[in-house]
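Peer 1: My questions concern the predicted model and sequence given below.
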Amino acid sequence: MLNRLQESDIKLLRVFYAVASCNGFTAAEPVLRMQRPNISAAIKKLEERLDLVLCHRGRGGFQMTKEGEVVFQETKRIFNAFDNFVFNLKSLHDDYSGHITLVMMAGLPLSMHLAVSKAVKSTMKKFDDIHVNIQTRLYNEVEHVALSGECHLVISTYDMVKPESVTFHPVGVTCHGRLYCSPTHPLAKYRDVEALPQDVDLSEYPAIGISGLSSANYIEDDQRLSVQTFSDSFEAALSAIMTGEYIGLLPDYIAKEQGASLGLVPIANGSLFKFDHDLFVMNGKNTRLNPVLRHCIKELTYFISESQK
């Protein structure tokens with residue numbers, strides 16, 4: 001079993017990372033510039049070093065094991081942090097080249113993804129030798145990745161008390177949301193009313209919450225949602241809501257882009273449990289905001305703001 005990483009282990013992990021990212025040995029060949037037998041030998045050697053089976057390969061195709069998935073996620077963290085270290089080190093010498101890691105909160109609307117692509121293109125055009133690694137994280141992970149050194153910038157809504165260890169750059173965009181249910185839920189009959197009858201108690205209906213979302217979102221005047229279970233993303237919450245068993249909070253863009261065709265119902269004409277979550281570009285206080293990152297933040301702010309007009 002591996003007790004200490006050696007340089008040879010780093011090389012083997014890079015092979016495994018490429019194979020896992022490409023979802024197969026053959027697809028990883030041009031990325032690694034290695035032939036399949038050599039890739040297979042490297043993976044086998046890494047499995048021996050870790051004393052773990054990382055993946056299955058055969059007629060059924062490439063498939064990672066549970067252990068392999070854990071190793072893949074941890075390897076991603078290591079290489080993200082290492083790339084960021086190299087980038088920051090170069091910037092101390094006014095060498096603005098290398099990889100930027102940009103993390104987006106999972107579930108942001110397509111318009112914001114397109115705006116991010118424009119901002120990234122602008123940044124790469126201005127700084128010739130910059131490459132941008134765009135990843136997604138769940139809502140309850142965005143603060144951690146901003147602090148951990150795994151990435152340079154995070155794009156996310158944020159409704160908790162802002163920690164002093166994170167710098168927040170307002171984008172000027174607010175994501176609105178409210179309380180929804182499926183068309184088969186008993187509360188769906190109140191779609192078109194402005195207020196629920198006084199004898200309707202929302203706490204009698206199971207609700208689904210979002211991991212990491214402030215509990216203040218589930219309280220409104222004398223009504224309180226009865227959160228019985230949690231999802232790790234708004235898309236997963238939508239799936240739970242559409243079972244007809246739960247009510248839940250969703251951003252309006254989720255309801256518009258995905259819920260409209262499903263008949264998703266805004267309870268009481270959308271007047272209940274309204275929320276407004278501001279969007280930010282975030283970075284940990286230890287991230288050195290060199291000219292590349294400052295330009296990227298400026299472009300992200302501009303293009304995302306423009307996309308919502």
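Peer 2: Right, received. Where do you want to start? Numbering: from 1, shown residues only.
Peer 1: So E150: helix, strand or coil?
Peer 2: Using DSSP: H, G, I helix; E, B strand; the rest coil, the structure places E150 in coil.
Peer 1: Please name the bridge partners of the most centrally placed residue in the chain.
Peer 2: Taking C-alpha atoms, centre = their mean, the centroid of the chain lies closest to R137, which sits 2.2 Å from it. Taking DSSP bridges, one obtains M105 as the residues bridged to R137.
Peer 1: isn't it right up against V103?
Peer 2: Yes - in terms of C-beta atoms under 8 Å, R137 counts as a neighbour of V103; the distance is 5.3 Å. (Each C-beta comes from the backbone N, C-alpha and C, glycine too.)
Peer 1: Now do the shared contacts for those two.
Peer 2: Both R137 and V103 are contacted by V145, V154, under the criterion C-beta atoms under 8 Å, 6 or more residues apart in numbering.
Peer 1: Tell me which residues are up against the helix or strand containing L249.
Peer 2: Element membership of L249, judged by DSSP states H and E, is strand 247-251. If you take C-beta under 8 Å, 6+ apart as the criterion, strand 247-251 is touched by 107, 175-181, 185, 187, 202, 205-210, 213, 217-218, 225, 234, 237-238, 240-241, 259, 264, 267, 273, 275, 277.
Peer 1: Next one: the residue nearest to the centre of the chain from F16, what distance?
Peer 2: 21 Å (C-beta to C-beta, to the nearest Å).
Peer 1: Mark which of the contacts of strand 247-251 are buried, thanks.
Peer 2: 107, 175, 177-181, 185, 187, 202, 205, 207-210, 213, 217-218, 225, 234, 237-238, 240-241, 259, 264, 267, 273, 275, 277 (16 or more other C-beta atoms under 10 Å).
Peer 1: Show me what the host helix or strand of S21 is packed up against.
Peer 2: Element membership of S21 [criterion: DSSP H and E] is helix 7-22. Other elements packing on helix 7-22 under the criterion 3 or more C-beta pairs under 8 Å, 6 or more residues apart in numbering; DSSP states H and E are helix 25-32, helix 36-50, helix 66-91.
Peer 1: how far is that helix from where the chain is centred?
Peer 2: 23 Å (C-alpha atoms, centre = their mean, to the nearest Å).
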